[in-house]
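Trainee: I'd like to go over a predicted model; first the sequence, then the structure.
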Amino acid sequence: MYFVVQILLQLIEIYSYALIIYILMSWFPNARESAIGQFLGKICEPYLEVFRRFIPSIGMIDISPIVAFFVLNLASRGLHDLYFIVQGMLQ
């Protein structure tokens, strides 16, 4: 079970890095039109779109990625804590 939790935590971390790169690409002209930008858009936009529905942008500033990172962090911590709760119940 520890192996599965570690893999899920690694996937969350990798996805967080993908989000950071995708967000930073918006600062550079035509970066999101590159092959890497389009790939990251396909995996990051569906997740970010969930938050954009509920969180309006403030002028030109989009704060939905901040909330998206917060939710990923909560998921990571929750998964970690859930593992230790289950592990304690099994002993």
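Mentor: Structure received.

Trainee: quick one, longest helix in the protein?
Mentor: The helix spanning the most residues in the chain, taking DSSP state H as the definition, is helix 64-90.

Trainee: quick one: that one to chain centroid distance?
Mentor: 13 Å (Cα atoms, centre = their mean, to the nearest Å).

Trainee: Who are the packing partners of that helix?
Mentor: Secondary-structure packing of helix 64-90 (3 or more Cβ pairs under 8 Å, 6 or more residues apart in numbering; DSSP states H and E): helix 2-25, helix 35-54. In this view, the C-beta of every residue, glycine as well, is placed from N, C-alpha and C.

Trainee: For Asp81, which of those helices is the nearest?
Mentor: helix 2-25 (10.6 Å; Cβ to Cβ).

Trainee: quick one: that closest one to helix 64-90, angle?
Mentor: For helix 2-25 against helix 64-90, the angle by axes from the mean of the first three to the mean of the last three Cα atoms, to 10 degrees is 170 degrees.

Trainee: hang on, Pro29 in a strand?
Mentor: No - read with DSSP: H, G, I helix; E, B strand; the rest coil, Pro29 is coil and lies in no strand.

Trainee: So for it, what's the pLDDT?
Mentor: On the pLDDT scale, Pro29 is placed at 89.

Trainee: Would you report the backbone torsion angles of it?
Mentor: phi -60, psi 140 (degrees, to the nearest 10).

Trainee: Can you report how many residues neighbour it?
Mentor: Residue crowding around Pro29 was assessed by other Cβ atoms under 10 Å; the count is 7.

Trainee: can you check Leu19 too?
Mentor: 19.

Trainee: Name the nearest residue to Trp76, ignoring sequence neighbours.
Mentor: Slight slip there: residue 76 is Ser, not Trp. Ile12 (4.9 Å; Cβ to Cβ, 6 or more residues apart in numbering).
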